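K.L.:
Here you go, sequence then predicted model.
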Amino acid sequence: MRSEQVRSDVTVIGGGLAGVCAAIAAARAGSRVALVQNRPVLGGNSSSEVRVWVCGATGHGFHRNARETGIMGELFVENQYRNREGNPYYWDLTVLEAVRAEPNITLFLNTDVTEVQAEALPTARSEDGYEQRVVSVTGWMSGSERRIRFESPVFIDCSGDGLIGFLAGADFRTGREAYDVYQEPWAPQVPDDNTLGSTILFYTKDVGRPAPFIPPPFAKDITETAVPDRRVIAVENNGCAYWWIEWGGELDVVDDNETIRDELQSVVYGIWDYIKNSGSFAADNLTLEWIGSVPGKREYRRFVGDHVLTQHDVLGQTEFPDRVAFGGWSIDLHPPGGVYASERGSRHWHADGNYHIPLRCLYSRNVANLWMAGRDISASHVAFGSTRVMATCAVLGEAAGLAAHLALSLDCSPRELARDHVSEVRRALVRTDASVLGICSEDPHDLAPRATVTASSTLRQLTVEVSTDTEALDAPLGIVLPVAPTLGALELLVDARADTTLDVAVHTTGKPQNYLPADQVGATQVAVSAGEKQWVRVNLDWTPQEAQNAFVVLAPNPDLKVHRSATTEPGLLFFRHREMDPDEQYTEQWRSWKHVWHREGLCLRLVEQTDAYAPQRAVGGYARPYGGPQLWASEPLAFDPHPWLELQWPEPVEIRQLAVIFDVEVEEDLINLHHHWTPSETMPGLVRDYEIQARTDGQWHPVAGEQANRRRTRRFDVDLRTDALRVVVHATNGAPRAHIVSVRAYDDRR
């Protein structure tokens, strides 16, 4: 037996997406990181060993402009470029390459941590002079027969099941809290130990000739269960389309892991026997290509931090001062009986938009140097029903990794960081382009907000005029429009079969990240004469106190049709209202307004010019849609073939780092595996070819740039003394305009 000792600044235990993003974030910030994973591959439940979709704040397209940025966003975009078909092994490679690209990370695969040394150590921070701290963790590297002890000042438990925190004595909870703990409507009246169960998936393949299947004797006869009547079985389904093959919620998902695995595999073979041999499916040429051997766990320990996220925080979208990440998946709870339950496999309660998660949920309240991210954060069972999905776990990992580095740099505890250094945390999150909502770029080291910003051209007139089809106004239609500074007259292209009227109402969206009608602020009725292809002017006359989105509702009218276009402009979204199915059981999961016409829209014209795409939007401000598109957009490239955005200072400034954030269209819902197909390898709105120029002594000189760009955030270390910068766009990946989300010019390097 070989014994080793590894010392680093940060030890991350768990190589799922939370652990991967935590390790990368800490490493990029400058910490030396040991990333310890007990499996031979990274990615956790998303890896080729388990093959679960990476879901997140978009809710499979339910929320708009909700896709994650930061490290998780990089993984989504890179995977889309190299793996549109959703090959699980290519996804493994995408994640592995991201880790190996960081020189500050040392990766330990196949290393199972089972020992934790924790002690009450002297400190001036505690009233009694002592605090519980993790000193080291020790793991066994299978295959290499190495016993490795990991030592560091801080540890991040991304193990999923929370073994590290448990062994360290961290306060935790399992099961379901009673209603009287947090007064959550979906909490049971009596607490219990039930959790969400585990899942094993399978893939099939058409071999082009008959491929018989002889079931093993332990295959479950699913005709004796509720499965054929209560679940969707289809020959075209693969992998996570069978997410409902779930069991073990009434057991202990760790203690009974082997029992759960055996039962799940018997169910899979039983379902496959039913597909192949019942005669109900055209499956003669199908074979079972892959079946999981590692149960994908959903829930186990949840540690207790200085804040416990609850159902009220998720649905109320609580705006925490120490918010470090956001989620958007529904509160998605499954019956404890899993696949054998007579009720449907899940029920969902959606917030009106994305919600915030505070830093106080990411560290232990009683183990002073223990951070956590992923499934084990501080949340109630009900709130966990939303935070548990992997893209949300990933952004929590990035926040925890960055926070761990900051706490080390500032020589403070996690609690002190959340209490006394919120501004430093916010600046670090913005600088790394992490997934946060409603946090402006206010870094004093960023010189860009001090500059005068101009552009070669700017989208000022929102006009979409080319009709490709008509849409009957047989249900209310909604239009999200950016309002900056005013919403005056809106013109719509309509057909009227008789003289009639068009009724229009204007609503706020409530919160800047929401895309639903909230408070009504105006309404009007317009006379429409019989005729085709006529522009009808609607005077809306709304000037809010600050720039924001409006939700404009067109009332149904059987005599009217509106014209559709095959194109639209950034920031415009379109919705149709649907009445609830009277047989709908779970009314809380119904949303009446459904998004329609992806990358298409209505023919419309805003008469007044807009400042929603002004050059100033690209400095300071927000780095993602929030109460508006929050980007600069040029006029069409056909009229301005090499558009530029310019920053000019009254006196020369010293710049040490440049950062440009391009538009990867966070409105597009990307996925790592096979849930849905997105045709573009690279988002059309992303700038492909560009050059950054600096002006010295009145002359422009190139200082950075690239061709064939496929990334959102580009950073360049420089040594510049200049009075002006230009980002010149030479080509996009298909969009007719140049889009730039943010330009930053720092007087330091980090």
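P.N.:
Nice, I can see it.

K.L.:
quick one, what contacts the closest residue to G175 other than its chain neighbours?
P.N.:
In this structure, G175 finds its nearest non-sequential neighbour in D193, 4.1 Å apart by Cβ to Cβ, 6 or more residues apart in numbering. In short, each C-beta sits where N, CA and C put it, glycine included. Counting by Cβ atoms under 8 Å, 6 or more residues apart in numbering, D193 touches T174, G175, R176, D252.

K.L.:
any idea how far D193 lies from S680?
P.N.:
46 Å (Cβ to Cβ, to the nearest Å).

K.L.:
Could you tell me the phi and psi values at the residue nearest to G175?
P.N.:
phi -100, psi 10 (degrees, to the nearest 10).

K.L.:
how near is it to P185?
P.N.:
21 Å.

K.L.:
same question, W632
P.N.:
43 Å.

K.L.:
send the alpha carbons of stretch 97-112 over as PDB?
P.N.:
The C-alpha trace of stretch 97-112 is given here as PDB (Å, rounded to 0.1, in the frame of the first residue of the first chain):
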ATOM      1  CA  GLU A  97     -11.200  18.900 -21.100                       C
ATOM      2  CA  ALA A  98     -12.600  21.800 -19.200                       C
ATOM      3  CA  VAL A  99     -10.900  20.500 -16.000                       C
ATOM      4  CA  ARG A 100      -7.600  19.500 -17.700                       C
ATOM      5  CA  ALA A 101      -7.400  23.000 -19.200                       C
ATOM      6  CA  GLU A 102      -6.800  24.500 -15.700                       C
ATOM      7  CA  PRO A 103      -3.200  24.200 -14.500                       C
ATOM      8  CA  ASN A 104      -4.200  24.900 -10.900                       C
ATOM      9  CA  ILE A 105      -6.300  21.700 -10.700                       C
ATOM     10  CA  THR A 106      -4.900  18.300  -9.800                       C
ATOM     11  CA  LEU A 107      -7.500  15.700 -10.600                       C
ATOM     12  CA  PHE A 108      -7.800  12.400  -8.700                       C
ATOM     13  CA  LEU A 109     -10.200  10.000 -10.400                       C
ATOM     14  CA  ASN A 110     -11.300   6.600  -8.900                       C
ATOM     15  CA  THR A 111     -10.600   8.000  -5.400                       C
ATOM     16  CA  ASP A 112     -13.200   7.300  -2.800                       C
END
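
K.L.:
Now do the same for E584: its pLDDT.
P.N.:
We have a pLDDT of 62 for E584.

K.L.:
what's the answer for G162, then?
P.N.:
G162 is assigned a pLDDT of 97 by the prediction.

K.L.:
was I right about it contacting V304?
P.N.:
No - judged on Cβ atoms under 8 Å, G162 makes no contact with V304 at a distance of 11.0 Å.

K.L.:
Just the buried ones from the contacts of D193?
P.N.:
T174, G175, R176 (16 or more other Cβ atoms under 10 Å).

K.L.:
okay, those in TSV with pLDDT and distance to H334 next?
P.N.:
Formatted as TSV, the buried ones among the contacts of D193 follow (pLDDT from 0 to 100; distance: Cβ to Cβ, whole Å):
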residue	pLDDT	distance to H334
T174	97	16
G175	97	14
R176	97	12
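
K.L.:
of those, closest to D559?
P.N.:
Distance to D559, by Cβ to Cβ, is smallest for R176 among these, at 53.0 Å.

K.L.:
Give me the residues contacting stretch 27-37.
P.N.:
Contacts with stretch 27-37, where a contact means Cβ under 8 Å, 6+ apart, come from 6, 8-15, 19-20, 23, 26, 99, 102-111, 113, 137, 139, 150, 152, 401-402, 404-406, 408-409, 428, 432, 750.

K.L.:
Now, of those residues, which are buried?
P.N.:
6, 8-15, 19-20, 23, 26, 99, 102, 104-111, 113, 137, 139, 150, 152, 401-402, 404-406, 408-409, 428, 432.

K.L.:
Out of the residues you listed, list just those in helices.
P.N.:
19-20, 23, 26, 99, 401-402, 404-406, 408-409, 428 (DSSP state H).

K.L.:
Can you list the low-confidence ranges for this protein?
P.N.:
127-128, 582-590 (pLDDT under 70).

K.L.:
tell me the domain boundaries of it?
P.N.:
Domain assignment for the chain by automatic domain parsing gives 2-177+302-431, 198-297, 448-458+613-746, 463-606.

K.L.:
For the second one, measure first residue to last.
P.N.:
The separation between the terminal residues of domain 198-297, taken as Cα to Cα, to the nearest Å, is 4 Å.

K.L.:
Also the third one?
P.N.:
Here the two ends of domain 448-458+613-746 are set 8 Å apart, with distance taken as Cα to Cα.

K.L.:
do the same with the longest one
P.N.:
Between the opening and closing residues of domain 2-177+302-431 lies a distance of 42 Å (Cα to Cα).
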